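Trainee: What follows is a protein structure lacking sequence information:
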């Protein structure tokens, strides 16, 4: 099968007009002509890009690894995500009871093994905690923020049905015992992010070499840049080798100009876009969302949103189009980014696909449209509105 | 007269081996050969650079515009500064009683007119206040921080014996009446710095075009960079046209890594080095210095420094070499900068001479070794230790 377009984007500034050949789940390669009668989908002047990789997503739509660690919940995420441009992801936990986290790793392991041709690819798990600092807990559960513990880390690893389900962990490196844990995870190919951390600049400088690769949701849950104590944010800006992960670009959490400053300092090679979405529709208990300024009230098959003035909205949990409006999707975040920072298409590909693929170690099969890689493909119009998403060669279009 | 060296630094990356010709107070030009018998000072492999321009210096050694606004006090600054590499400067006030500031402008006017061939050139006055914000007063007098007042501004201008004695003013643009004052000063060729200010990012964005050129002692006396309110620091980093003035590089006020981040963002063209020294030897009343952690106690012809542990040092005010050790000099600040940021010599010339000359409008006669400009020249060895300073062609060497 061939996807035809005047703008097919490959790495290293290459954009070609022609045909992307897909064979089953894989990209076969590029060609300028196709055999007569070959099956062609003609996307005209739309852009053909690698699908987004979201390494920090707790939940989306009707699935939420945060609120429900069942196989079904993960599968709902897989099912929904292609419609937002995401073709693979890490199911992301918070700081939660150890038993729940172990269950999550087990269920994610099962899905990783049985997921064939079923929505977005689950790449594994991102454990955002439990080894994080209460002082910078943000919206995490304080009672579940604990010091690094090697025995617990071994339990997490033992819960994997095969290696490398846990691909990323967020921890606070200033906590006692962090150094040994960082070294252990690094040896086990678990990428380590600094996050929900009160670490000083010097703490990060000293521990970085043992395996700290970047920071979680840059600027949030960390010491900000101060001219006498540059903190986690300052270290992330200063050290060239640290990657900066950004949560969705609502314009509220991080002001666009501050994102732009980070962009100038870190370059397109060290920024990783994520959503940090929560699957907030599945919240189990009443919860106040401090940015939306709404109380989320679960009510059987519906979710009630109560505004500060007492007015209410009701969301039917079976109506995906209503549910997806609860959080800012990956594709909408990228449109905001484009409006604020004016990146090139190649820069967008780096921060949405190439960089996270390399960071979490799946760049042998994901992150670019190169021959032999998985057919995870996004078709967008020039306004970056999704026309179609292909996950492992299978097409997803949300019917309007 | 000719200065010979293998390393004479001109703007735009030009470094030549040969002779710099000086005629009286002016630079005549460069030549590769000189007539036989011509007077030559051979500086060998030492570096020949333009002298430093300090646009933010309250006092130095035995002179202090902060503590004593007399002609004598200003002349002491002129006399001392060449030994630290400074060949011209703005006598800088703080927020002080209006009558004192008017006196200062009058006396500075007199010195500007009568200063011929007498140490460093007084270029005029930098009024750091009184229109600054109490909330970010730092070490300024709170009772003298007032809202912008056009009547007072007119009094300042009237105190000048000729135009352009007041060359720079630091103000807080969020104060009521600031916009009109900024516009008025801009029309009168007074450069405007933001400083001691609680301004938001948006305030600066909105008022910048009316004449705000940069910020005073970057990071100090302002809102720091926060990801939801980038503040003055964020605006200075974000907007390419704002200049960032830095106080002396002690490594304590601004961490070297934070200076380095600013360096990366702003480039060599938008950073201006100053000392912000106070002539602290002349302090009139007991004063605690929160960075040095010492109490300064005036005692006739000596200054007593009392450490927190009660121990004391005594400084003889007639001993310049003792007095100069009280504060970090311009040349020592530059050596710290070199150790931390590793700039090129051409970059150092930009931030110490070319940029401030352009910023305060004296680049027709100061800031580079071009033919026709004043013979303000610095000779340093490769370790940036001063060998000699020339102010308007006259040589100064501190005898050891």
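Mentor: That came through fine. This is a predicted model, so every value here is computed, not measured.
Trainee: Can you tell me the SS state at residue A:357?
Mentor: Using DSSP: H, G, I helix; E, B strand; the rest coil, the secondary structure recorded for residue A:357 is helix.
Trainee: How about the contacts made by it?
Mentor: A:53, A:363, A:366-368 (CB atoms under 8 Å, 6 or more residues apart in numbering or on different chains). C-beta coordinates here come from the backbone N, C-alpha and C atoms, glycine included.
Trainee: Would you map the helices across chain A?
Mentor: In chain A, the helices defined using DSSP state H lie at A:71-80, A:98-114, A:150-158, A:178-187, A:201-207, A:231-238, A:256-266, A:320-323, A:330-341, A:345-349, A:355-359.
Trainee: Between those helices, which has the poorest mean confidence score?
Mentor: Of all the helices of chain A, mean pLDDT reaches its minimum on helix A:320-323 (a mean of 92).
Trainee: Next, the buried residues of that one.
Mentor: Under the neighbour-count criterion of 16 or more other CB atoms under 10 Å in any protein chain shown, helix A:320-323 has A:320, A:322-323 buried.
Trainee: Include distance to residue B:148 and neighbour count when you put the contacts of residue A:357 into TSV, please.
Mentor: Shown next, in TSV, are the contacts of residue A:357 (distance: CB to CB, whole Å; neighbours: other CB atoms under 10 Å in any protein chain shown):
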residue	distance to residue B:148	neighbour count
A:53	52	31
A:363	57	18
A:366	58	23
A:367	55	28
A:368	56	20
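Trainee: isn't residue A:94 right next to residue A:58, touching?
Mentor: Yes. When contacts are counted by CB atoms under 8 Å, residue A:94 is listed as touching residue A:58 (6.7 Å).
Trainee: of the two, who's got more company?
Mentor: Shown here are residue A:94 and residue A:58; by other CB atoms under 10 Å in any protein chain shown, residue A:94 has more neighbours (25 against 22).
Trainee: how about the more buried one, phi and psi?
Mentor: phi -110, psi -160 (degrees, to the nearest 10).
Trainee: How about it: what's its closest non-neighbour residue?
Mentor: residue A:140 (5.2 Å; CB to CB, 6 or more residues apart in numbering or on different chains).
Trainee: Now for the one you found: which residues touch it?
Mentor: A:94-95, A:128-129, A:132, A:196.
Trainee: if you set the cut-off to 10 Å instead, what comes out?
Mentor: The neighbours of residue A:140, taking CB atoms under 10 Å, 6 or more residues apart in numbering or on different chains as the test, are A:94-96, A:128-130, A:132-134, A:170, A:195-196, A:221.
Trainee: what's the closest of the residues you listed to chain B?
Mentor: residue A:221 (11.0 Å; CB to the nearest CB).
Trainee: measure that closest one to residue A:357 for me?
Mentor: Distance, residue A:221 to residue A:357, using CB to CB, to the nearest Å: 24 Å.
Trainee: Please work out how many residues are found near the nearest residue to residue A:106 once chain neighbours are set aside.
Mentor: Among residues not flanking residue A:106 along the chain, residue A:159 sits closest, at 5.0 Å (CB to CB, 6+ apart). When counting by other CB under 10 Å, one arrives at 19 neighbours for residue A:159.
Trainee: Over to the one 10 residues further on?
Mentor: The burial metric for residue A:169, expressed as a neighbour count using other CB under 10 Å, is 25.
Trainee: give the contact list for it.
Mentor: Residue A:169 neighbours (CB under 10 Å, 6+ apart): A:93, A:125-132, A:153, A:156, A:181-182, A:185, A:190-193, A:195, A:216.
Trainee: if we go to 7 Å?
Mentor: Neighbouring residues of residue A:169 by CB atoms under 7 Å, 6 or more residues apart in numbering or on different chains: A:127, A:185, A:190, A:192-193.
Trainee: Tell me what it is bridged to.
Mentor: Counting by DSSP bridges, residue A:169 is bridged to residue A:127, residue A:192.
Trainee: Next one: it relative to chain B, how far apart?
Mentor: Distance from residue A:169 to chain B, counting by CB to the nearest CB, to the nearest Å: 23 Å.
Trainee: sorry, back to before: among the buried residues of helix A:320-323, which one lies nearest to chain B?
Mentor: residue A:323 (27.7 Å).
Trainee: ok, the closest one - contacts?
Mentor: A:61-62, A:281, A:315, A:317.
Trainee: now those residues in TSV, with neighbour count?
Mentor: Output for the contacts of residue A:323, formatted as TSV (neighbours: other CB atoms under 10 Å in any protein chain shown):
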residue	neighbour count
A:61	25
A:62	22
A:281	26
A:315	19
A:317	17
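Trainee: Please determine how far residue A:377 is located from residue A:392.
Mentor: With CB to CB as the criterion, residue A:377 and residue A:392 are 10 Å apart.
Trainee: sorry, back to before: in strands, which of the contacts of residue A:357 appear?
Mentor: residue A:53 (DSSP state E).
Trainee: Would you pull up the residue in the stretch 1-150 of chain A closest to chain B?
Mentor: residue A:138 (12.8 Å).
Trainee: check contacts around that residue.
Mentor: Residue A:138 touches A:196, A:220-221, counting by CB under 7 Å, 6+ apart.
Trainee: so what's the residue nearest the centre of chain A closest to, chain neighbours aside?
Mentor: Taking CA atoms, centre = their mean, the centroid of chain A lies closest to residue A:54, which sits 2.3 Å from it. Distances taken as CB to CB, 6+ apart put residue A:89 closest to residue A:54, at 4.3 Å, once the chain neighbours are dropped.
Trainee: Likewise for residue A:205?
Mentor: Nearest non-adjacent residue to residue A:205 (CB to CB, 6+ apart): residue A:235, at 6.6 Å.
Trainee: Output the contacts of residue A:357 in CSV; the columns should cover distance to chain B and pLDDT.
Mentor: Formatted as CSV, the contacts of residue A:357 follow (distance: CB to the nearest CB, whole Å; pLDDT from 0 to 100):
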residue, distance to chain B, pLDDT
A:53, 24, 98
A:363, 28, 98
A:366, 30, 98
A:367, 28, 98
A:368, 29, 98
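Trainee: Which of the contacts of residue A:357 sits closest to residue A:209?
Mentor: For the contacts of residue A:357, the residue nearest residue A:209 by CB to CB is residue A:363; the value is 22.5 Å.
Trainee: From residue B:307, how far out is that closest one?
Mentor: Residue A:363 is 58 Å from residue B:307, by CB to CB.
Trainee: hang on, the earlier thing: could you dump the contacts of residue A:138 to TSV with distance to residue B:121, neighbour count and pLDDT?
Mentor: Listed next are those as TSV, based on distance: CB to CB, whole Å; neighbours: other CB atoms under 10 Å in any protein chain shown; pLDDT from 0 to 100:
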residue	distance to residue B:121	neighbour count	pLDDT
A:196	55	29	98
A:220	50	21	96
A:221	52	26	96
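Trainee: In JSON lines, list those residues along with distance to chain B.
Mentor: Output for these, formatted as JSON lines (distance: CB to the nearest CB, whole Å):
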{"residue": "A:196", "distance to chain B": "15"}
{"residue": "A:220", "distance to chain B": "7"}
{"residue": "A:221", "distance to chain B": "11"}
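Trainee: Now for chain A, the helix or strand with the poorest mean pLDDT.
Mentor: strand A:287-289 (a mean of 85; mean pLDDT, DSSP states H and E).
Trainee: which strands and helices sit next to that one?
Mentor: strand A:294-299 (3 or more CB pairs under 7 Å, 6 or more residues apart in numbering or on different chains; DSSP states H and E).
Trainee: With distance to residue A:385 added, can I get the helices of chain A in a markdown table?
Mentor: Shown next, in a markdown table, are the helices of chain A (distance: least, CB to CB, whole Å):
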| stretch | distance to residue A:385 |
| --- | --- |
| helix A:71-80 | 18 |
| helix A:98-114 | 29 |
| helix A:150-158 | 39 |
| helix A:178-187 | 39 |
| helix A:201-207 | 39 |
| helix A:231-238 | 32 |
| helix A:256-266 | 21 |
| helix A:320-323 | 15 |
| helix A:330-341 | 8 |
| helix A:345-349 | 14 |
| helix A:355-359 | 22 |
